[in-house]
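Colleague: below is the structure, and that's it, no one-letter string:
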């Protein structure tokens, strides 16, 4: 996850799978190009697969798996928001910020390496427990940086009283 905004009042992290979306889009363009070439050369079977069947599956993957995840921690409104945006729409889950105890790193073992994601530990309210911010595990330093940023932001001693003259 990438840190978009970090002030004592608000912390915003976002995750967009640009590489996955770009690879799927490039594959889609390549298949459509193959289908158009097959259509213009008279290969009906190749045009059918290249313009209809394979693009439908690739578009289905784009719609299902490409999503944007945003985590917003806001002291002013005492809210923790998880927003998920896909091609099909948006969802938003809200919790009271005071219920957020910490962020932790969840890991999953692949064939070659460990992958990680951020999880939030809520200790109050109806949704007490551990909740993943993103449904997928990724490699790289993003999740670890996100957990460190969330925990550092929560540990800040912020004076909520109005300044006096």
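Modeller: Yep, that arrived. Just so it is clear, the model here is predicted, and its values are computed rather than measured.
Colleague: all helices of the protein, in order?
Modeller: Per DSSP state H, the chain carries helices over the ranges 18-41, 44-48, 54-65, 142-155.
Colleague: and residue 73, which of those helices is closest to it?
Modeller: Of all those, it is helix 142-155 that lies closest to residue 73, at 6.4 Å by CB to CB. Heads up, the C-betas are built off the backbone N, CA and C, glycines and all.
Colleague: for that closest one, what is the average pLDDT?
Modeller: Mean pLDDT, helix 142-155: 93.
Colleague: and stretch 68-88, by the same measure?
Modeller: 92.
Colleague: ok, residue 6 - contacts?
Modeller: 12, 149, 153 (CB atoms under 8 Å, 6 or more residues apart in numbering).
Colleague: any idea how far it is from residue 27?
Modeller: Here residue 6 is placed at a distance of 36 Å from residue 27 (CB to CB, to the nearest Å).
Colleague: equivalent analysis for residue 100, please.
Modeller: 39 Å.
Colleague: between the two, tell me which one has more neighbours.
Modeller: Just comparing residue 100 and residue 27: by other CB atoms under 10 Å the higher neighbour count belongs to residue 100, 19 against 15.
Colleague: what about the protein, any weak spots by pLDDT?
Modeller: Within the chain, the stretches with pLDDT under 70 are 158-165.
Colleague: geometrically speaking, which residue is the centre of it?
Modeller: residue 69 (3.2 Å; CA atoms, centre = their mean).
Colleague: residues touching that one, list them.
Modeller: Counted by CB under 8 Å, 6+ apart, residue 69 has contacts 1, 14, 15, 16, 82, 83, 84, 133, 134.
Colleague: just checking, the last one touches residue 1?
Modeller: Yes. Contact status for residue 134 versus residue 1: in contact at 7.4 Å, counting by CB atoms under 8 Å.
Colleague: those two - which one has more neighbours?
Modeller: Taking neighbours as other CB under 10 Å, residue 134 and residue 1 compare with residue 1 leading, 24 against 21.
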